[in-house]
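K.L.:
what follows is a predicted protein model with its sequence.
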Amino acid sequence: MIALGEIVATHGIEGWLKLNPYNPNSPTLFSAQEIFLEKNGIRSPQRLQAAKPHKKQLLVRIEDVNGINEAEKWIGSIVSVAETNLPALSGDEYYYYRVVGLEVFDTQGNRIGRITRLTSTPGGDLYVVEGEAKEYLIPVTKEIVEKIDFTSGKIVINPPEGLLEL
């Protein structure tokens, strides 16, 4: 299951829900039909009736949720899709969730740490790498990320001078 966001509120009285997407640029919810809502450790399959952008959020409508009272019970739910329902990517593209847990090394073979999460900033996306003594923020750029090997679970970076001292 791939988590796409969290339901944070209702919208209007007709059963629409506000979703804070983890990746606002992802088109996945616009093509998904089956989603899963998870709350309090219980995962429930649902049919997505509609999704539309709303400011920095998405509005979603779930089949058989026809009013605000029915919608309120889903506030706090995590919205996921099955990995097999993700759109196919071209050759050198990958979904960010796949790099979490990979080991990061520099071009000389020195271990930097393990990717614990990704974060988006106005300046671009960053790998958050937990090292032995500190956390590193590695920009996700072609100039820095030299190789991603999902088979071996490793990423090789060529950090510019001073990046690892920040």
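P.N.:
Perfect, thanks for sending it.
K.L.:
tell me the contacts of the nearest residue to Ser31 once chain neighbours are set aside?
P.N.:
The shortest distance from Ser31 to any non-neighbouring residue, by C-beta to C-beta, 6 or more residues apart in numbering, is to Pro87 (6.4 Å). C-betas here are computed from N, CA, C, even on glycine. The neighbours of Pro87, taking C-beta atoms under 8 Å, 6 or more residues apart in numbering as the test, are 27-28, 31.
K.L.:
list the buried residues in the worst-scoring helix or strand of the chain on mean pLDDT.
P.N.:
Taking mean pLDDT, DSSP states H and E as the measure, the helices and strands of the chain show their lowest mean at helix 28-31, namely a mean of 72. Applying a neighbour-count criterion of 16 or more other C-beta atoms under 10 Å, one finds 28-29 buried in helix 28-31.
K.L.:
gap between the residue lying closest to Arg98 once chain neighbours are set aside and Glu132?
P.N.:
Sequence neighbours aside, Phe150 is the residue nearest to Arg98 in space, at 6.3 Å (criterion: C-beta to C-beta, 6+ apart). Using C-beta to C-beta, to the nearest Å, one gets 24 Å for the distance from Phe150 to Glu132.
K.L.:
swap in Ser152?
P.N.:
Using C-beta to C-beta, one gets 20 Å for the distance from Ser152 to Glu132.
K.L.:
then His54?
P.N.:
His54 sits 43 Å away from Glu132 when distances are taken as C-beta to C-beta.
K.L.:
can you point out the buried residues in stretch 158-166?
P.N.:
By neighbour count, and taking 16+ other C-beta under 10 Å as the criterion, the buried residues in stretch 158-166 are 159, 164.
K.L.:
what residues does it touch?
P.N.:
Contact with stretch 158-166 is made by 106-107, 112, 136-138, 143-144, 146, as judged by C-beta under 8 Å, 6+ apart.
K.L.:
who's more crowded, Ser152 and Glu132?
P.N.:
Set side by side, Ser152 and Glu132 give different neighbour counts by other C-beta atoms under 10 Å, the larger being at Ser152 (10 against 7).
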